[in-house]
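Novice: Whatever this is, show me its structure:
(3 chains)
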Amino acid sequence: MKKFIFLLLVCRCSFLFSSEKIDISFEYPGLKGDFYVSGTIFLPPASIFSSDNISVMDTVTKKEVPSKITVSEKWPDGSILSAEIIFPANASKKTQYTIFYGNEVKRNKIFSEPAVLPTISFSTGSTGRTAENIDVSVGQINVRVDKSISVRYWWYVLPLMLLIFFTVYRSLTINRNYKSE
Amino acid sequence: MQKRFLNKYNELILRNLSSKKAFLNDDIKQALKYRERSNLSSMDGFYKAIEANLGVEKTQKDRYIGYFCSIVPEELLIACSLKPVRLCCEDYTWTNAGEEILPGDICPVIKAICGKFYNNVYDYLELVIVPGTCDPKAKLAELLSPVKEVYFLDPGRDSDYLENVDKWTDRYTKFFQFLRQRFQCHAGKKQLLTACKLTNERTEIFKKIYALRIKFPGAINIFDYYVMIYTSFFMDIEQWNKMAEKVYEQAREKQSLSKKPKVLLSGSPVIFPNFKILDVLDQAGLEVAADIQCTGFGRFYNPVAIDEDTESGIIRALTLKNIAGSICPCLLTLEKLINLIIDTVSQYRLDGVVYYNLRLCQVFETQTTIIRQVLKENKIPFLSVKTDFGKEDTGQLKTRLEAFREIIQSGKE
Amino acid sequence: MLSLILLVYGGYIFKEWKESAETQQSIFPSLKAPAGSISTTKFEKGSILWPSGATPVIENYPPTLVCRFNPKGGMFKACILHFFSENLTWRTQVKYLLPYITLFVFLCFLFGRAWCGWVCPIGTTGDFLTFLRRKMNIPVKRFPANFRKNLSFTGYALTVITLAISTLIGMPNLTRYQCYWFLPYCQICPARLICPMFGLIKPNWKDFSTGITTTFTILAWIVLGFFIAAFYWGRRIWCHMCPVGLINSWFNRGCGIELHKKAVKCIKCGYCADVCPMGLTKMYEIDKDSVYNQTGCIMCMRCIEICPRKGCLTVKFFGRKINVENFIRRKTDAKKVFEQIQ
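Specialist: I've put the predicted structure just below:
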């Protein structure tokens, strides 16, 4: 009985202090200066639920490196399945990096070194609109998938009906100024 | 071409009728006194031309063709290099000469024409074209055939364009072929176009004069106006155009509003020298501002509108101008005449309508009642006057016209 | 006649200039055939439906007969019958067709059948034939009203048959007929053989490869022969039968161009009915003041120009008077005479 409780305690302690780590390796490029490292990590289910529980550390100095983490997929219970990570590195100091994740891991909010630059997305303006249809050929059957904004073209019904109404109305009443004579 | 009418009896008729050369156009010579009433010096040329036209031998080079009525197309004659001479006349002294052939109650105009022909006044004509308009005029084809070659041109009585245009075109085409064959001339599209251009210029000048007279009747005297029309019957068309243009230019400076009430004259034709009705109107104090007669307005007013340039297209356009657009009551044109009268009176604000009826001219008389009723509905003063060539009833007419003038003037106030 | 030619060729020059602009408008959807359908497999040089237009700058189907067989026409693609025919075969959804139909109805509402009188290229060709006939001094043949009514009936019959065939070959089981029966009216229309010549392209005269194309070729020759005969001996007889003109003529009575007659000024001279190239007589016959728009009228305004009485026949646009004499130039000698009383 005492052995079982001791084992449980050991298990729970190891569970309480659990923070997994992933060692990552990459090839340093031949250029000089700073560069970004990007990749994707895959996590087991029910491990962490927020990207704040992931941090990238320099293996040697044990210091956290600023990083941008984007969650790409989640497990059905809401825990993170995969995440894309980008962090800066320098070509001259060739160190190793480790990624730690876990419930007690906390990412730093403020760093002394600059983080990855924020990205701004661009749009293509009015040229090149999306296609109204996608033709999917499935063997001998042609299936047309209608992707257009379905409301836009139905607005033409109103002027069309008005014009036809006015034409018919004018043709019947065009002699009304003369009818009295 | 062989004479078509009365072939068997032509010689017999000529043998039995004696010729009288006593009448040498006294009436015309007397009528030349209207020259003094004119206030335009450029009218001199017209009066001289009338004088020159009396009984003088024509040159042998020109070929003269006589015709009556506005139905006959002058353009075809001009295109064949012939000289058209319109023979409608109201020379009242020749009526007595015509009594030989036409005694009794027959239109005096026809009597005068017959009298002239049988007294060799028109010896210089080579051909006479007689249209089948009113009854006695159609019979002229037979009456004149002993003395002159006759061609009969019949437009029928119906004036509806849609049903009759093929018939008219056919008859005009046959007429044109006859002319070309008889006078050995090659007239084609070019000559027709030139002739139509000349008549269109004449129409243009006439329209300007007509417009001027409606606004300022004093600019050109009513007598001068009819003298100009009369000279266009026999004068060369280019010469007439030039002289008329000069008259217009001179008259434009004399624009003064008239104080007399303006009337529209319609009805039987008024031809120089029979200015009796015009005299009476002038004495009664009425000013004739416009006219709708076949010897005035109706002769000149429609242009030849050529859309199809082909020869048959031009002839078709001529039928439209002469027959479909004519206001002769021998064709069934009463509605057209009423429309014209109402439109002219209301557009130019004329004061009344005087309808002149020549005695024994039945076809004009038949229209009087209907015109009177329609104009009464439209509140236009109307007076119909019936007279003949004699001078006896001038006083009576003058009284009636003065009463009409009183009605108009009291209606205005 | 002169201004007609100027209008047409002016329009063509404008079209070529517009070709260089490469924008696509978003209010008009582009109508493309379903990929792989037989109706768009290449129409080779020998086939009867060559040349087929490349996609132009703005796909539009205005009321004028501007043919798809002239691919250099930059601004407009094809005539209204081609529009209906093609889209019935491809079974496009109605909402994509609505902008084109609205533009067509709008232009017709403004001008009625004035396109036939002023812009139609095969009408211009026909007027050129009329000019030749007049130079050769051949008289015009005028046809009675019954003949013209029968021609209209034939025109409507052709339209209905064309639309029926186009619908049938769009159905799923019958698409294998598309290679022969695509655009049936276009294959026999005389514009297919005449319009490419405006763009200096040689049209495809004959295609004797199979039975059906042979039939279509011979039918096209017969129709072209009828067209030349109609314009040569009559004036605008073809326009009674042209399906595009018949569709436009539905709008004639209610359109913006009004032709008025004032009956008290009419002297029944018959000039108006005589000069009408379509042979209509309503403006001559009516006896009271009215508007005399009729279905056959191509709005050429010759009747108004030639009427010798000022103010009898007039043209108004939605109730406002327009002065017609200034922009129609005619070749008659009587032009000067129409200056009326001042």
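
Novice: shaky segments in chain B?
Specialist: Applying pLDDT under 70 to chain B flags residues B:1-3, B:15-26, B:55-60.

Novice: Within range of chain A, give me the residues from it.
Specialist: Residues of chain B found near chain A (CB under 8 Å from any CB of the partner chain): none. All C-beta atoms are positioned from the backbone trio N, CA, C, and that covers glycine.

Novice: In chain B, which residue sits closest to chain C?
Specialist: Nearest residue of chain B to chain C: residue B:161, at 3.0 Å (CB to the nearest CB).

Novice: For that residue, give its distance to residue B:289.
Specialist: 30 Å (CB to CB, to the nearest Å).

Novice: and chain C, what are its domains?
Specialist: Chain C breaks down into these domains under automatic domain parsing: C:2-246, C:257-338.

Novice: rank these by pLDDT, which is bottom?
Specialist: Lowest mean pLDDT within the domains of chain C: domain C:2-246, a mean of 71.

Novice: residues near residue B:33, how many?
Specialist: Neighbourhood size, residue B:33 [other CB atoms under 10 Å in any protein chain shown]: 9.

Novice: no no, residue A:121
Specialist: 4.

Novice: Quick check on it: phi, psi?
Specialist: Backbone torsions for residue A:121, taken as degrees, to the nearest 10, come to phi -90, psi 150.

Novice: can stretch C:243-255 be found next to chain A?
Specialist: Yes. Shown here: stretch C:243-255 in contact with chain A (CB under 8 Å from any CB) through C:251, C:253, C:254, C:255.

Novice: Which residue is the nearest non-sequential neighbour of the residue of chain B closest to chain C?
Specialist: Closest residue to residue B:161 apart from its sequence neighbours, by CB to CB, 6 or more residues apart in numbering or on different chains: residue C:270 at 3.0 Å.

Novice: Would you mind listing what in the stretch 201-342 of chain C touches chain A?
Specialist: Going by CB under 8 Å from any CB, the residues of the stretch 201-342 of chain C near chain A are C:251, C:253, C:254, C:255, C:258, C:288, C:289, C:290, C:291, C:293.

Novice: Using neighbour counts, give me the buried entries of those.
Specialist: Buried subset of these (neighbour count, 16 or more other CB atoms under 10 Å in any protein chain shown): C:251, C:253, C:254, C:255, C:258, C:289, C:290, C:291, C:293.

Novice: Out of the residues of stretch C:243-255 next to chain A, which comes closest to residue B:342?
Specialist: Nearest to residue B:342, judged by CB to CB, of the residues of stretch C:243-255 next to chain A is residue C:253 at 29.8 Å.

Novice: before we move on, what SS does the closest one have?
Specialist: Here residue C:253 is recorded as helix under DSSP: H, G, I helix; E, B strand; the rest coil.

Novice: Would you check how far apart it and residue C:112 are?
Specialist: 8 Å.

Novice: Just the residues contacting whichever strand or helix holds residue B:243, thanks.
Specialist: According to DSSP states H and E, residue B:243 maps onto helix B:237-252. Surrounding helix B:237-252, the residues in contact under the criterion CB atoms under 8 Å, 6 or more residues apart in numbering or on different chains are B:40-43, B:45-46, B:78, B:198-199, B:201-202, B:205-206, B:208-209, B:212, B:219-220, B:224, B:228, B:231-232.

Novice: cool, and stretch A:44-59?
Specialist: So stretch A:44-59 is in contact with A:20, A:23, A:41, A:63-65, A:67, A:69-71, A:75-81, A:83, A:85, A:87, A:95-108, going by CB under 8 Å, 6+ apart.

Novice: what bridges to the nearest residue to residue B:125 once chain neighbours are set aside?
Specialist: Nearest residue to residue B:125, sequence neighbours excluded (CB to CB, 6+ apart): residue B:66, at 4.5 Å. Beta-bridge pairing of residue B:66 under DSSP bridges involves residue B:85, residue B:128.

Novice: Residue B:66 is in contact with residue B:87, isn't it?
Specialist: Yes. Using CB atoms under 8 Å, residue B:66 makes contact with residue B:87 at a distance of 4.7 Å.

Novice: Common neighbours of these two, please.
Specialist: B:122, B:128.

Novice: quick one: which of the contacts of helix B:237-252 sit in helices?
Specialist: B:45-46, B:78, B:198-199, B:201-202, B:205-206, B:208-209, B:212, B:224, B:228, B:231-232 (DSSP state H).

Novice: ok, which pair from the residues you listed is furthest apart?
Specialist: Maximum pairwise distance in those, criterion CB to CB, is 26.8 Å, between B:78 and B:212.

Novice: Before I go, just wanted to say thanks for your time.
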